[in-house]
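Peer 1: No letters, just coordinates:
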C-alpha cells in the first residue's frame, strides 16, 4: 500500500509539468517568450542587422538591437516555407521602402535544420535577413514545437527578467507581404 | 468503489497519461511538420532506431530491381548504368511525419543533383495510389518514387532494409554509373538525415562535371 501511495505521488508529480505543456500550442499576444540562446550568424551584415558585435558566438533576443523582432520559424524541408520565401523577401523590402527597417528586425530560425540546410535555403531564395540553424530542435521546442512556418512579432519589455512579449502570433503562411505588414504594424506597440 | 481499487485506477490513469505525453513529446522533438500537412500526418510513437541488418556494402554491385513508379511505367535500376548516378532514398512509409519532411527538401536541390549527374529514386513499401496522394500533398516532386509494395518490401529486403513491421529503414544508398555502391547510410528512423550526409554521398560518387 505504501509503495502504491509512493507511485501515485510520483505519477501526480510527473503530471504537473505535463499539464502545463498540454495548454501549449502557438503563443498568444501578451505571452512572454522563454529565454533561449542562438548561435550568432557568421555574416558581418547579418550580425550588423541584429546589432551584434563581431566577437560574440551566441546571442539572445535581449541582445538584438531593435524595438521589435519578427521571428520566422521555417524549415528547408517545408514546401510552404519554400513557396513563401519570395513573399518574405518582399516583406523585408517593404520594411525598407516604408522606412521601417529600424522598427522591425526579421530573424529566421530553421527548425531541425543543420547549418548546411539553413545555408542552402538562404542562398536558394536569396534571403536577405539573418537565419539561424537549430539542428537539435532546441529553439523549435522553445516555440512549443509548432508546425512551420510560424511567425511571432515580439517586443522587449522594461524588465530583462520577463523577456520579450508576444504582440502577434501567426501559424501558417500569410496572405501577402502588404497585408501581413499591416497586421504587424497594428500589433506593434 | 473500494478505496484501493480507486487508487489503482488513478495510478493507471496517471501512468497512461504520462506515457501518452512522453510519446507525444518524442514525436514533437523530431519533426516540424509543414503546415501544408497539418492534420493529415499520422503521428507514430518513437520507433526502434534501426530494425534490420544492411545486406549491401560499399564496393558491391547494387542489387538490380524493377519497380512501378509514380510517374507511370516501371523503373529498372540497371537502366541508369553508364548514364546517371543514382541516390536511392528509402523512407519508412507514406504519411508519416519525418518522411513527409524529407523529400520536399530534396525537391529544391535538383541543380545540385544535376551537377553530380545523379537522379533520386525514392522508394517506399506503399502502393502507387497512396504514393500518388502523398506526393500531391507535398506539391509534387521532380524525381520518381517507386512502389516496393508487391511482393511486399522485396527490394528493401534484398538490400537488408526491411524492418520487422513491414516498413523500411530511412536509408540513402548512392550507386555510381557502373552500378557500384559508393556510399550507404542508414539513419535512425525517427530522424531525418541532415543534408550534410546527402552531400557526403554525392562527394563519394566523384567530382561533379565542370
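Peer 2: It's in. It should be emphasised that the depicted structure is a prediction, and the values quoted were computed from it without experimental measurement.

Peer 1: for chain B, what helix or strand is lowest in average pLDDT?
Peer 2: The helix or strand of chain B with the poorest confidence is helix B:3-30; it has a mean of 47 (mean pLDDT, DSSP states H and E).

Peer 1: Show me the shaky parts of chain B.
Peer 2: B:1-33, B:35-39, B:98-99, B:207-210 (pLDDT under 70).

Peer 1: give the contact list for residue 165.
Peer 2: This is for chain A. Residue A:165 makes contacts with A:30-33, A:154-157, as judged by CB atoms under 8 Å, 6 or more residues apart in numbering or on different chains. (Glycine included, C-beta is placed from N, CA and C.)

Peer 1: try again with chain B
Peer 2: residue B:51.

Peer 1: In three-state terms, label it for me.
Peer 2: coil (DSSP: H, G, I helix; E, B strand; the rest coil).

Peer 1: Please enumerate the helices of chain A.
Peer 2: Using DSSP state H, the helices of chain A run over residues A:2-22, A:44-50, A:79-97, A:115-124, A:138-142, A:177-187.

Peer 1: between these, which one is nearest to residue B:62?
Peer 2: Of all those, it is helix A:115-124 that lies closest to residue B:62, at 26.2 Å by CB to CB.

Peer 1: After the least confident helix or strand of chain B, which helix or strand is next?
Peer 2: Next along the chain after helix B:3-30, taking DSSP states H and E as the criterion, comes strand B:66-68.

Peer 1: That following strand: partners in the sheet, and parallel or antiparallel?
Peer 2: The pairing partners recorded for strand B:66-68 under DSSP bridges are strand B:74-76 (antiparallel).

Peer 1: who's in contact with the partner strand?
Peer 2: With CB under 8 Å, 6+ apart as the test, strand B:74-76 has contacts from B:64-69, B:121, B:144, B:146.

Peer 1: what comes up buried for that strand?
Peer 2: Buried residues in strand B:74-76, defined by neighbour count with 16 or more other CB atoms under 10 Å in any protein chain shown: residue B:75.

Peer 1: Would you tell me whether the very next helix or strand once past it gets close to chain A?
Peer 2: Tracing the chain C-terminally past strand B:74-76 and defining elements by DSSP H and E, one meets strand B:85-90 next. No: on the criterion CB under 8 Å from any CB of the partner chain, strand B:85-90 is out of touch with chain A, staying 12.9 Å away.

Peer 1: Sheet partners, orientation included, of strand B:85-90?
Peer 2: According to DSSP bridges, strand B:85-90 forms sheet pairs with strand B:118-124 (parallel), strand B:170-175 (antiparallel).

Peer 1: tell me, what residue is most central in the chain?
Peer 2: Went with chain A since none was named. In chain A, the centroid-proximal residue (CA atoms, centre = their mean) is residue A:71; its distance is 3.5 Å.

Peer 1: You answered for a different chain; I wanted chain B.
Peer 2: In chain B, the centroid-proximal residue (CA atoms, centre = their mean) is residue B:91; its distance is 1.3 Å.

Peer 1: Determine the three-state secondary structure at residue B:185.
Peer 2: Of the three states, residue B:185 takes strand under three-state DSSP.
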